[in-house]
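Asker: Output the structure for:
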Amino acid sequence: MICIGQTGNGRTPLSAPAAALQAAWIVVLFLSGTGHEAPAAAQERPQAEALGGASFVVEPPDARIEVGDRVPRAPGRIALPASDYVAEITRPGYVPTLVGFTVADGEEVDVAVAMERASATLRLRTAPSEATVLVEGFVRGRTEGKARPGFTPEGPAAFTPGTSFSAELWLADLPVGSHRLEIRREGFRTFSQTLDIPALLDYELPPVVLEQEHAMLLLEGLPKDAKVYGNGREMQPDRSKLKPEVAVLPGQLDLVVTRGRQDVFETSVVVEDGAWLEVGVEMKPALAFLGTFGEDAAGRRAVASAIEFLQRDGVHIVLDRSELGHAVFAERGIDSGVLRDWTAAKSELAWDAIQAQFQRETPAALYFVAVLSDDLAADSVDLWWWSSSPGPARPDVLSIDLRSGKFEGSALRRLARSLDPAVEVGIRTPDLGVGLIESLKSDGLVVATVDPGGPAAAAGLLPGIEVRGIDGELASADQLTTALNRLQPGGGIEFAVGGEKEEATTMVIHPEWGWTQLDVLAPDLSLAAAAARLIRKFDRATDTPRWLLELDLAALALAAGDPESAIQLLEAIEAPDRGGLGAETVQYTFGVALSDLADRGQDQERQRARSVFESLALTEHGRLYADEGPKVAPRARLRADALAER
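Answerer: Below is the predicted model of the structure:
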């Protein structure tokens, strides 16, 4: 039997077989104490010899034993051919030990080793794993892997699943005394504890559950249908709270809130662990600035000042997406030279694809680029604007003079007005069902016509009746306009009727309310901004019928010179078959779009347009522009005849 170990102040004497190798083992043990590898003993197996083996008894019993590339299986025996061997025995908290032994042919050798204690040890595991462990501020290890199957945590960690914990980590080289222990992992709060080690023994820390760092944002004014993103990832606020709450990790947070295809709120905040931070969310239509094309320094400064003006104006939020804009246009071979030829650029560039790409990358109400007229001394800048789909993809171009080296105040105000057009979409207008003319006999108006079954007829008005007063004022065309402008749905207009020698009789007419289309030909109307206004309504609950908004968008596409997009919109509209605006209005607009294509050289569309108009010439109820607008049929007949003559 071979024994090696330490008791008291001296070493245990070696047995006889080992004594013969004592000189050699002194070298081996010296190497083990210094950490150097011992030279491997010859392990050549003589041919035709029976296997022997070595059985190990080691204190502590959980030490690791290695003989070459062999590790003993329970109960600590290794089958070996006859030869000389060196066993390496290691265990945290003990001095690594090397022991030599000889196995004769077919014989068994018992090897007993008592290892020398070197330090205390600490075993620990964390949930989650991949946590860094420090002692006195120095990194001593990192938890990894998973706990063994069947591991069940106890104590405060008992409610955490065992599968959440790491494999066991051993810390060795711990001297007697008090030590500061820290466990750190990004995104989690640091675990700190003082370790008291009274003796060189093995210690075990209860399973450590790391607490995730978090702070709380309170989103004041968050719309119910808005989406919230933090550092590019969508978050799910608790909307059951009066101020919706969302947990976030501490640190820099880039917060983006979007609503529909247009409205955006952006801010950046620094959040501390455990903090409750309130953020006021103010949604505004977004203007995505895609960059300045042209190198004139003064011109670029003028554009920057204009963007600052729009930001201060408060109507929109301006998103600087210059880097994205230059990258996308560069991919398509589009530079300032291409954009300066705006007539060709508007008609030849693939604006549908450009619109779709930017809309995928960054939602906004309007997109725009600034094109300087020259790289050295720009005297003007063209601002190219387009909306998100389904608005027109081909841009509006607004030219602004720069000969003074900056945007004049009037130009900036004109720019702001164009982006926030003073137009209403889905307007409902009152229809009294009566035609009035000025009286030739006296001051006032005379009923000229009364629509059968209309509001005026229901009130008792008849042709020839004189109207002396309207809403308490002398009857006149201007007073009628004033009364109609201040009228609200559900209200009525009071007519005082009767001749000069008669006592006036009061009649109240409650008008019918009809729909009116957007006037796409209004002076100074920005088609892109008008489309953005329509889409804003499109994305929200509104009383305006969806088909009417789609019809207005198609009309804008036509006005922008894009009949193809108009046709796509018109073909998808499901308008009602009603008097006034409706299905016949949509078909009439469809015929106009086909005629536009025919005028551009697509002759096959001419016959289609003629067929549409000839069919509409036989209708009775359809109207154009408004429910009380001109009838569809007469205008359809004129267009059909004009197409036939061509």
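Asker: Only C-alpha atoms from now on, for both contacts and neighbour counts.
Answerer: Will do.
Asker: got the domain boundaries for this protein?
Answerer: Using automatic domain parsing, the domains assigned to the chain come out as 2-114, 120-209, 215-280, 437-507, 516-645.
Asker: Pick the most deeply packed of these.
Answerer: Per-residue neighbour counts averaged over each of these give the maximum for domain 516-645, namely a mean of 19 (mean count of other CA atoms under 10 Å).
Asker: For Asp382, find the nearest of the domains of the chain.
Answerer: domain 516-645 (14.0 Å; CA to CA).
Asker: And Val71, what's its pLDDT?
Answerer: At Val71, the pLDDT value in this model is 86.
Asker: my guess is it meets Ile78, correct?
Answerer: Yes - taking CA atoms under 8 Å as the contact criterion, Val71 and Ile78 are neighbours in contact, 7.4 Å apart.
Asker: now the domains of the chain in a markdown table, with distance to Leu402?
Answerer: Below are the domains of the chain laid out as a markdown table (distance: least, CA to CA, whole Å):
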| stretch | distance to Leu402 |
| --- | --- |
| domain 2-114 | 78 |
| domain 120-209 | 52 |
| domain 215-280 | 30 |
| domain 437-507 | 41 |
| domain 516-645 | 20 |
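Asker: So, low pLDDT: which residues of the stretch 251-400 of the chain?
Answerer: By pLDDT under 70, the stretch 251-400 of the chain has no low-scoring segment.
Asker: residue boundaries of the strands in it?
Answerer: 251-259, 263-271, 276-280, 284-293, 317-320, 366-372, 380-387, 396-401 (DSSP state E, counting those that start in this stretch).
Asker: the inter-axis angle of the helix or strand following the last one versus strand 396-401?
Answerer: Elements were assigned by DSSP states H and E; along the chain past strand 396-401, the next helix or strand is helix 409-419. Between the axis of helix 409-419 and that of strand 396-401 there is an angle of 170 degrees, by axes from the mean of the first three to the mean of the last three CA atoms, to 10 degrees.
Asker: tell me the mean pLDDT for helix 409-419?
Answerer: If you average the pLDDT over helix 409-419, you get 74.
Asker: what's in contact with that helix?
Answerer: By CA atoms under 8 Å, 6 or more residues apart in numbering, the list of residues contacting helix 409-419 from outside reads Ala306, Phe309, Leu310, Asp313, Ile400, Asp524, Leu525, Ser526, Ala529.
Asker: and the gap between the fourth one and Arg91?
Answerer: Distance from Asp313 to Arg91, counting by CA to CA, to the nearest Å: 73 Å.
Asker: again with Ala477
Answerer: Spatial separation of Ala477 from Arg91 under the definition CA to CA is 106 Å.
Asker: which SSE is Ser192 in?
Answerer: Since the elements are taken from DSSP H and E, Ser192 ends up inside strand 191-197.
Asker: Give the next helix or strand downstream of the strand or helix carrying Leu534.
Answerer: Assigned by DSSP H and E, Leu534 belongs to helix 527-538. Using DSSP H and E, the next helix or strand after helix 527-538 towards the C-terminus is helix 546-559.
Asker: before we move on, back to that, which elements pack onto the helix holding Leu534?
Answerer: For helix 527-538, the packing partners by 3 or more CA pairs under 8 Å, 6 or more residues apart in numbering; DSSP states H and E come out as strand 366-372, strand 380-387, helix 546-559.
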